[in-house]
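Engineer: compute the structure for the input listed below.
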Amino acid sequence: MSIDQKTVAKIAHLARLKIPEAEQRQVAGELSKILDWVAQLNEVDVAGIEPLTGGNDTALRWREDVVNDGGKADDILANAPAKTAGFFTVPKVIE
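Structural biologist: Have a look, this model is predicted:
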């Protein structure tokens with residue numbers, strides 16, 4: 001598929017990109033090469049090949065859905081500049 005300079009200008013306008021006219025010819029060539037490469041992918045025979053959702057087809061292990069606090073409240077509050085009764089203390093922002 002061939003992309004011309006007019007098409008590049010329209011795409012740039014729709015995408016709110018400013019591509020100088022001097023660069024539009026180069027961009028048109030690059031887009032044409034990309035579309036030619038995508039067209040090559042259509043020639044690949046994929047009959048009988050299952051769609052792949054990821055690189056690993058193993059099932060995830062299930063765990064109990066248990067609510068907990070993580071047991072790290074003291075570690076987290078250790079770096080707080082101000083704390084009160086186990087909570088972060090922050091300055092009042094609404095009067």
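Engineer: neighbours of E23, how many?
Structural biologist: 13 (other CB atoms under 10 Å). In this view, the C-beta of every residue, glycine as well, is placed from N, C-alpha and C.
Engineer: for stretch 85-95, give me every contacting residue.
Structural biologist: Identification of contacts with stretch 85-95 by CB atoms under 8 Å, 6 or more residues apart in numbering yields 73, 77, 80, 82-83.
Engineer: mind jotting down where the strands sit in this structure?
Structural biologist: Per DSSP state E, the chain carries strands over the ranges 83-84, 87-88.
Engineer: can I get those in a markdown table with mean neighbour count and mean pLDDT?
Structural biologist: Converted to a markdown table, the strands of the chain look like this (neighbours: other CB atoms under 10 Å; pLDDT from 0 to 100):
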| stretch | mean neighbour count | mean pLDDT |
| --- | --- | --- |
| strand 83-84 | 11 | 90 |
| strand 87-88 | 11 | 90 |
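Engineer: of the contacts of stretch 85-95, which pair is most distant in space?
Structural biologist: A73 and A82 (15.4 Å; CB to CB).
Engineer: which parts of this protein are helices?
Structural biologist: 5-14, 21-41, 73-77 (DSSP state H).
Engineer: pick the most deeply packed of those.
Structural biologist: Greatest average neighbour count among those goes to helix 5-14 (a mean of 14), per mean count of other CB atoms under 10 Å.
Engineer: got a list of contacts for the lowest-mean-pLDDT helix or strand in the chain?
Structural biologist: When each helix and strand of the chain is scored by mean pLDDT, DSSP states H and E, helix 73-77 comes last, with a mean of 88. Contact partners of helix 73-77, identified using CB under 8 Å, 6+ apart, comprise 83, 86, 88.
Engineer: lovely, talk soon.
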